[in-house]
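Undergrad: sequence first, predicted model second:
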Amino acid sequence: MPLNARSFAFDVLDAVENGGFADDLLRAKAIDPQEANLASELVFGVLRHRGQLDFLIGHYSGRTNKLDREVRNALRLGIYQLRFLDRIPPHAAVSTSVELVKRARKASAVGYVNAVLRKVNREPVSYPSDAVVLSMPDWLLTRWERKFGAVPAHAAAAYFLTKPPVHLRGERQMDIGAQAIVPLLELAAGHRFLDVCAAPGNKTLQAAESGVEPVACDRSRKRLAAIPVAKRVQLDAGQSLPFRPVFDRILVDAPCSGTGTFGRNPEIKWRVSPEEFARQAERQLQILRAALAVLAPGGRLVYSTCSLEPEENEEVIAHFADRIVSQSYRLPGREAGDGFFHAVLA
């Protein structure tokens, strides 16, 4: 295989560690489709299995010293190819990783990378903890074990090690778990429907299938423009909803930490923190209050997130305990698709 896919994957992994998102970065540069597919497989494979790969670096090197970011990413790429991919010749995985280190101007590490990768094989390895086996931050796996129980938590983490299946609704890709949210609104033709955090519009379009005429709100004018069936309203940060309480049905698919989407956004699990959950909760509560203020008497509101964290879910809707009709989690490994929380309020 040419170096192109590996070098592209290497650059993407570097940019991810500087705060970028893998999917956006992979789509930002046009390369040969076959090379692009390999680059995508390498990037997402490394990010999903990063906990295992970092342990294996120490296992094969016999050292636990801190490595430069470029050297660490070259080793992750090489070990991932050697242990997880069948179609990559071992000599190619080793030699291209060495070339990546040279390209990154880390010449002093060339011999080290070459020596480590030549020791890599597919013999079983005794990992030191469940968190490493499941390639999860230990603190986050512990939270999930306490919240859902060890078996469901481990099943969710194991699901996130695999490539998510593609589910289509119409011409759009839409996770099967995400498709389960809109039916909770019990929409009918003639309902006045508001989608508060509408972009990119998949749920808005799904709602329109019920015969409603959606009103879609979002902060991004560009993302709103991609929703063809709705009346669109752009909101500034902190702006109240410019409506009277006339909506029969409202969807608040709130911005969140995204911990239910580690399969398709694996970089999140390596950068999220408890402080992020609290920060998101403040914004979610503000959005939900504004939405409830424009819900018509007798109306129905669905609050949802793709987060598995109680701060963003139960603790947010607890402020409106007298209005809760139902609430539930959709947990990967137990149900198909990404992880979601939903609550129905009236």
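TA: Nice, thanks for sending it over. Note that the coordinates shown come from a computational prediction; the quantities given were computed from them, not determined experimentally.
Undergrad: could I get the full set of helices for the stretch 1-150 of the chain?
TA: With DSSP state H, counting those that start in this stretch as the criterion, the stretch 1-150 of the chain has helices at 3-17, 22-27, 33-48, 50-61, 69-84, 90-103, 110-117, 130-133, 138-148, 150-159.
Undergrad: buried deepest among these, which one?
TA: Using mean count of other Cβ atoms under 10 Å, the stretch among the helices of the stretch 1-150 of the chain with the largest mean neighbour count is helix 69-84, at a mean of 23. Heads up, the C-betas are built off the backbone N, CA and C, glycines and all.
Undergrad: which helices and strands sit right next to that helix?
TA: In terms of contacts (3 or more Cβ pairs under 8 Å, 6 or more residues apart in numbering; DSSP states H and E), helix 69-84 is packed against helix 3-17, helix 33-48, helix 50-61, helix 90-103, helix 110-117.
Undergrad: adding distance to residue 253 and mean pLDDT, write those out as CSV.
TA: Below are the helices and strands packed on helix 69-84 laid out as CSV (distance: least, Cβ to Cβ, whole Å; pLDDT from 0 to 100):
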stretch, distance to residue 253, mean pLDDT
helix 3-17, 25, 92
helix 33-48, 24, 96
helix 50-61, 28, 97
helix 90-103, 40, 95
helix 110-117, 44, 97
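Undergrad: ok, back up a step: mind putting the helices of the stretch 1-150 of the chain in TSV, distance to residue 328 included?
TA: Listed next are the helices of the stretch 1-150 of the chain as TSV, based on distance: least, Cβ to Cβ, whole Å:
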stretch	distance to residue 328
helix 3-17	32
helix 22-27	28
helix 33-48	27
helix 50-61	29
helix 69-84	34
helix 90-103	44
helix 110-117	46
helix 130-133	26
helix 138-148	12
helix 150-159	13
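Undergrad: out of these, nearest to residue 292?
TA: Closest approach to residue 292 among the helices of the stretch 1-150 of the chain is made by helix 138-148 (26.1 Å; Cβ to Cβ).
Undergrad: circling back to that earlier point, closest to residue 208 out of the helices of the stretch 1-150 of the chain?
TA: helix 22-27 (25.7 Å).
Undergrad: mind putting the helices and strands packed on helix 69-84 in CSV, distance to residue 229 included?
TA: Formatted as CSV, the helices and strands packed on helix 69-84 follow (distance: least, Cβ to Cβ, whole Å):
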stretch, distance to residue 229
helix 3-17, 34
helix 33-48, 31
helix 50-61, 40
helix 90-103, 46
helix 110-117, 52
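Undergrad: show me which positions of stretch 174-192 end up buried.
TA: Under the neighbour-count criterion of 16 or more other Cβ atoms under 10 Å, stretch 174-192 has 174-178, 180-182, 184-185, 187, 191-192 buried.
Undergrad: right, I mislabeled it, should have said stretch 214-232
TA: For stretch 214-232, the neighbour count (16+ other Cβ under 10 Å) marks 214, 215, 216, 217, 218, 223, 224, 227, 230, 232 as buried.
Undergrad: contact partners for the third one?
TA: Residues near residue 216 by Cβ atoms under 8 Å, 6 or more residues apart in numbering: 195, 198, 199, 201, 204, 224, 227, 230, 231, 232, 233.
Undergrad: buried ones in the biggest helix by length in the chain?
TA: Ranked by residue count under DSSP state H, the longest helix found in the chain is helix 274-292. Buried residues in helix 274-292, defined by neighbour count with 16+ other Cβ under 10 Å: 276, 277, 280, 281, 283, 284, 285, 287, 288, 290, 291, 292.
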